[in-house]
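Peer 1: Okay, structure incoming, though there's no sequence with it:
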């Protein structure tokens, strides 16, 4: 039986970007050591498309792509915080930065190291996270 999901809110530092994500109480979080995630301190919660909603105008976001161009790194146009993005490992879902959740202290965050420096060898281990369990 799947754990019940609760709507959680989050956003950037200045509040220009807001989102909702449906999460269980115990959340699998990945701390990636790739060149991007390591520098911005992103803690990944990867969810299916159906469990994420951007609440603000997408024009509030600016996009950065590099390497293969598959990952869509999204930053608040005003404060520069990266709260969500389309990950290369899961382009059919979203990755939410656990650090940007309003109530993260109330969640059971289970942080696992992810070796993004060796992307090709490890990315397949994340593919299931954006699949809807229904």
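Peer 2: Looks like it arrived, so ask away. Being a predicted model, the structure only gives us computed values, none of them experimental.
Peer 1: all helices of this structure, in order?
Peer 2: Remark: helices assigned in the chain by DSSP state H are 35-40, 119-122.
Peer 1: contact partners of the least confident helix or strand in the chain by mean pLDDT?
Peer 2: For the chain, using mean pLDDT, DSSP states H and E, the weakest element among its helices and strands is helix 119-122, scoring a mean of 87. By C-beta atoms under 8 Å, 6 or more residues apart in numbering, the surrounding residues in contact with helix 119-122 are 34, 88, 114, 115, 116. Quick note: C-beta positions are derived from backbone N, CA and C, even for glycine.
Peer 1: repeat for stretch 46-65
Peer 2: 5, 9, 11, 16-23, 30, 71-78, 84, 87, 89-90, 92-96, 126, 129-132.
Peer 1: average pLDDT for that stretch?
Peer 2: On average, the pLDDT along stretch 46-65 is 96.
Peer 1: now swap in stretch 89-108 and tell me
Peer 2: Computed over stretch 89-108, the mean pLDDT rounds to 95.
Peer 1: One more: stretch 23-32?
Peer 2: Averaging the model's pLDDT scores along stretch 23-32 yields 96.
Peer 1: Please name the residues that touch the closest residue to residue 98 other than its chain neighbours.
Peer 2: Counting by C-beta to C-beta, 6 or more residues apart in numbering, the nearest residue to residue 98 once its immediate chain neighbours are dropped is residue 43, at 4.0 Å. Applying C-beta under 8 Å, 6+ apart, one finds that residue 43 lies in contact with 29, 30, 31, 97, 98, 99, 109, 111.
Peer 1: What of residue 108?
Peer 2: Under the criterion of C-beta under 8 Å, 6+ apart, the contact list for residue 108 reads 25, 26, 27.
Peer 1: correct me, but the second one touches residue 5?
Peer 2: No - no contact is recorded between residue 26 and residue 5 when judged using C-beta atoms under 8 Å, the distance being 11.4 Å.
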